[in-house]
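Enquirer: Give me coordinates for this.
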Amino acid sequence: MHAKIVSLMILTVLAGFARADEKFPLLQAGSQVYTNVNITKVGATDIFFTHAGGMANVKLKTLSPELQKHFNYDPQKARAVEQKKADDNAAYQKQLAQQPAVRPPDMSRPPAAPTTRAVWRNDFAGALKQAKSENKLVLLDFTGSDWCGWCMKFEKDVLSTPKFSAYADSKLQLVRLDYPHHTPQPEALRQANAALSDQFHVDGFPTFVLVNADGKELGRQVGYLEGGPDAFIAELESFNR
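Expert: So this is what the prediction gives:
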């Protein structure tokens, strides 16, 4: 099997220069093997593609030397890009840390009725801090809000329902990590989301990751889940047993 993969790779390499629309019958990155690969983007550090199992991206440094050359991989340039991402992410987290602290609720007033839609935030560090203070868990939603059809369907069928909103209000801090194709996004937020995608090894959308207040992963749901809010809530509950 390994020899067949290498052989197919070499044939592809000989076919020409790297293009954003190249197709690979098989692609191996480290120990991972992908089939029916269609390259969508080639960057300094990663290649992005669709495959038989959905969407993914892998580090160029994990490819064979032949494919690294094929995709014009420059280790020095890649290190510079990764360092800039790390610096941008650190600057973004510092900016979040300097924001005013969230005020505790006014207990002298009657509790407000729960909203019909869940409230999502985009700062993971802030969500962890809030979850710790409220004894909650954190749910990460890795999504492509303006292009991923299954993400939009899950939003409509589950995440925007009153039942899920009521559950999340009592149990969760919600973090939406968006990877849009058409919607403008601040560069600092884009870099922070990319770093979290790498940290949690996300290679398809939607992906939901449940973590505790220390950031430890308890479980994940990849792709669309049938059964509406009841099925999704039951799955989240099973992750924390």
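
Enquirer: looking at the protein, which helix or strand is least sure?
Expert: The weakest-scoring helix or strand in the chain, judged by mean pLDDT, DSSP states H and E, is helix 2-14 (a mean of 42).

Enquirer: On the C-terminal side of that one, identify the next helix or strand.
Expert: Scanning forward in sequence from helix 2-14 by DSSP states H and E, the next helix or strand is strand 23-29.

Enquirer: from the chain's centre, how far out does that next one sit?
Expert: With CA atoms, centre = their mean, to the nearest Å as the basis, strand 23-29 stands 22 Å off its chain's centre.

Enquirer: Check which residues of the following helix or strand past that strand are buried.
Expert: Sequence order places strand 32-42 as the next helix or strand after strand 23-29, per DSSP H and E. Using 16 or more other CB atoms under 10 Å as the test for burial, strand 32-42 gives 34, 37, 39, 42. From N, CA and C alone the C-beta is placed, and that goes for glycine too.

Enquirer: Now do the domain split for this structure, please.
Expert: In terms of domains, the chain is parsed into 2-74, 116-239 (source: automatic domain parsing).

Enquirer: Relative to residue 82, which of those domains is closest?
Expert: Counting by CB to CB, residue 82 lies closest to domain 2-74 out of these; the figure is 5.8 Å.

Enquirer: so what's the closest residue to residue 41 other than its chain neighbours bridging to?
Expert: Spatial nearest neighbour of residue 41, chain neighbours left out: residue 48 (4.1 Å); criterion: CB to CB, 6 or more residues apart in numbering. Each beta-bridge partner of residue 48 is listed here: residue 41, residue 57, as defined by DSSP bridges.
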